[in-house]
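> coordinates only, sequence not included:
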């Protein structure tokens, strides 16, 4: 370009600096910058000059091997721009004070740091381990009248997640909504990995709310990680129930790619459903049904610990069944047996079967300790009243309030520590 008589502009210089930074040749980037800035106009810069030792410019311990590059002759003054300083700030790694000095130098030249500049400074500060300092930089933007963008907030959230401060990460995420800053895909993926395990119902509800927001925004989440955490949290109900802790570790692989498990869990754990003790398992697999039931039981347990007593039985909907048929519509193979085993064998709860005539009110119900038999009896005349369409019965399981109360009391008496929520990470 120079030999052809071309005049390099600031963009050309920035591209060269950016190439050095991308290649991790941080020393070379700073030497180029210093050389251009000091000598300005007509000059000749050789590769030997660029590799000369300059301890004050060292950012990392990176050493660049000398190569026989041709001489670079510049015939125009070097005018750094805001982008120039942004590139150099990226080369500072975790050296916050050096990055801050570059920003101050930028201001002395009459250049204004942009949102990218501040995001880089936040990242550098957080990279040095100063999480509070990074958040303070974000706060200072509002004080100076600069509106932080999604990149600045996402950078700050990443720092909180990296240093295991999920509460602070979720606080910043909520702050984005306050200032009407729309999260992007990176923001959502980052915040959903803020916790490595769930302790309380509120933490689960919080993550599920973010997950639902992500889907409504049109992003397709990779929900495998979140499903693992939800399953682990739900399986916590089985603590001290004399179960083998390792037997549930492989269950997560049973979830299909089209699984609606998280949506179902979110639906059943919503605060608006606090008074509803009905669990709909229609269309779910055995594994999904197990997780939903455990999620509701864990919710009941935490509400009970908080002082909310049981006011009603728990109803578990399996699906519709024609009278005289053994097939329950909407129920996957083995869901009923799997749920009964979970409730009776694993948790020691009393379960009863119930059926109600669809479209004819509740009908007469009969309860039996033998789950396998059909509970609601109907007269043969009623069953044959329509030769083309048989009456439908809504098949359900019932867990009585008394049984749940006894189970909760037993868990509190046997191991109070197991039902307290885990300490929330600050």
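Received it, and whenever you're ready, just let me know what you need. A quick note: this is a predicted structure, and the numbers were derived from the prediction, not measured.

> surely residue 300 touches residue 310?
Yes - Residue 300 is within contact range of residue 310, at 7.2 Å (criterion: CB atoms under 8 Å). In short, each C-beta sits where N, CA and C put it, glycine included.

> what's the overlap in contacts for those two?
Common neighbours of residue 300 and residue 310, counting by CB atoms under 8 Å, 6 or more residues apart in numbering, are 404, 408.

> name the residues that touch stretch 140-149?
For stretch 140-149, the external contacting residues (CB under 8 Å, 6+ apart) are 115, 118, 119, 138, 152, 179, 181.

> check which helix or strand residue 394 maps to.
Assigned by DSSP states H and E, residue 394 falls within strand 392-399.

> same for that strand, what does it pack against?
If contacts are counted by 3 or more CB pairs under 8 Å, 6 or more residues apart in numbering; DSSP states H and E, strand 392-399 sits against strand 314-322, helix 335-340, strand 351-357.

> ok so, going back, and of the contacts of stretch 140-149, the nearest to residue 93?
Closest approach between these and residue 93, by CB to CB: residue 119, at 15.5 Å.

> what about the closest one, distance to residue 290?
44 Å (CB to CB, to the nearest Å).

> the strand holding residue 394 pairs with which strands?
Partners of strand 392-399 in the sheet, by DSSP bridges, are strand 314-322 (antiparallel), strand 351-357 (antiparallel).

> number of residues surrounding the closest residue to residue 219 other than its chain neighbours?
Spatially, and ignoring its direct neighbours in sequence, residue 219 is nearest to residue 185 (5.1 Å; CB to CB, 6 or more residues apart in numbering). Neighbour count for residue 185, taken as other CB atoms under 10 Å: 14.

> got the buried residues for stretch 30-38?
Buried residues in stretch 30-38, counting neighbours by 16 or more other CB atoms under 10 Å, are found at 30, 31, 32, 33, 35, 36.

> now name the helix or strand holding the fourth one.
Counting by DSSP H and E, the element that carries residue 33 is helix 26-39.

> and that helix, what does it pack against?
Counting contacts by 3+ CB pairs under 8 Å, 6+ apart, helix 26-39 packs against helix 10-22, strand 43-45, helix 47-50, helix 82-90.

> mind running it again at 7 Å?
Helices and strands touching helix 26-39, by 3 or more CB pairs under 7 Å, 6 or more residues apart in numbering; DSSP states H and E, are helix 10-22, helix 47-50, helix 82-90.

> just want the angle from the longest one to helix 82-90.
In this case it means helix 10-22. Orientation of helix 10-22 against helix 82-90 (axes from the mean of the first three to the mean of the last three CA atoms, to 10 degrees) gives an angle of 10 degrees.

> so residue 183 sits right up against residue 150, yeah?
Yes - using CB atoms under 7 Å as the test, residue 183 is close enough to residue 150 to be in contact (6.5 Å).

> JSON lines please, covering the helices and strands packed on helix 26-39 and showing mean neighbour count.
Output for the helices and strands packed on helix 26-39, formatted as JSON lines (neighbours: other CB atoms under 10 Å):
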{"stretch": "helix 10-22", "mean neighbour count": "17"}
{"stretch": "helix 47-50", "mean neighbour count": "16"}
{"stretch": "helix 82-90", "mean neighbour count": "23"}
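
> ok, which of those comes nearest residue 173?
With CB to CB as the measure, helix 82-90 is the member of the helices and strands packed on helix 26-39 nearest residue 173 (24.9 Å).
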